[in-house]
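1. Kindly generate the corresponding structure for this input.
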Amino acid sequence: MSRILKDKGVIFDLDGVIVDTAKYHYLGWKKLADELGVPFDEQRNERLKGVSRRESLILLLGYTPDDQKMKEWCDRKNGYYLEFVSRIDRSEFLPGSLALLEEIRTAPGWKQALASASKNAQLILQRLAIGNLFHAIVDGNDIEKTKPDPEIFSKAAARLDVPPDRCVVVEDAEAGVQAAKAAGMRAIGLGQPDVLREADLVVPDLAHIRLSDIELLFV
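-> Take a look at the predicted model:
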């Protein structure tokens, strides 16, 4: 049997899955929203999870600004985000995330990828010193379409050289789970079952799952 048929792949989102950089995105958007006089809170922030910076700004404003304002406001928000995230360190791993990444990295017949819509994913990987744990990395610089479009996960599977039906995606956002299913993959949701209804398995965080649990999804 060829290797491509033997290997299975696990594709991880970054924000809210491995480390809570989502809180820094929220703080960045909140600061921009306050400056623009736009109502914004944690509930409104839910719609922004897993989508691009440009699409997030449109959702925040409720309309599409001209190109100059789009660039200015996106750059301003990203600057705020980078201020926050530049201080991140390995103490901020979410529960169970590092242990699971290390387990999969050394498991025969398994490959893992990072698939993050963030264009700053490489910076975060560098700060956390975990880039070497992934066989492939896809970030916001590599894609044109955002979740729930499956592009990011399809590219990750291609870079892993693993068929989509032998991949499982780990996501904390509804749009991410939808993207995984659209790509023909299984999905593990981190969060609330009533929100992540399309996921094959939902757990509170990665401390509640091991590789043996992921294997059961392929039985």
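2. C-alpha only now, for contacts and for neighbours.
-> Fine.
3. Off-centre distance for stretch 85-101?
-> Put simply, stretch 85-101 sits 14 Å off its chain's centre (CA atoms, centre = their mean, to the nearest Å).
4. Quick one: mean pLDDT for that stretch?
-> For stretch 85-101, the mean pLDDT works out to 94.
5. could we number from 92 for the rest of this?
-> Right, with 92 as the first residue, what we last looked at is stretch 176-192.
6. Only alpha carbons, please: show that stretch as CSV.
-> Extracted C-alpha coordinates of stretch 176-192, given in CSV (Å, rounded to 0.1, in the frame of the first residue of the first chain):
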residue,chain,number,x,y,z
VAL,A,176,1.0,39.3,20.4
SER,A,177,4.7,40.3,20.4
ARG,A,178,4.7,39.6,24.2
ILE,A,179,3.3,36.1,23.9
ASP,A,180,5.3,33.2,25.3
ARG,A,181,5.0,29.5,25.9
SER,A,182,3.0,30.1,29.2
GLU,A,183,0.0,30.9,27.0
PHE,A,184,-0.5,27.4,25.4
LEU,A,185,-4.1,26.4,25.7
PRO,A,186,-4.7,23.3,27.9
GLY,A,187,-3.4,20.1,26.3
SER,A,188,-2.3,21.7,23.0
LEU,A,189,1.4,21.3,23.3
ALA,A,190,1.2,17.7,24.6
LEU,A,191,-1.1,16.7,21.7
LEU,A,192,1.1,18.3,19.1
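7. Would you mind listing the buried residues in it?
-> Burial within stretch 176-192, assessed by neighbour count using 16 or more other CA atoms under 10 Å, is assigned to V176, I179, F184, L185, P186, G187, S188, L189, L191, L192.
8. State the pair within those that is farthest apart.
-> V176 and L191 (22.8 Å; CA to CA).
9. before we move on, back to that, take the buried residues of stretch 176-192 and keep only those in strands.
-> The members of the buried residues of stretch 176-192 all map outside strands under DSSP state E.
10. Spatially central, which residue of the protein would that be?
-> Ranked by distance to the mean C-alpha position of the chain (CA atoms, centre = their mean), the top residue is D104 at 2.6 Å.
11. Go ahead and confirm that residue touches S207.
-> Yes: judged on CA atoms under 8 Å, D104 makes contact with S207 at a distance of 5.2 Å.
12. Need the pLDDT of S143.
-> 80.
13. so who does it touch?
-> By CA atoms under 8 Å, 6 or more residues apart in numbering, S143 lies in contact with A208, S209, G231, T237.
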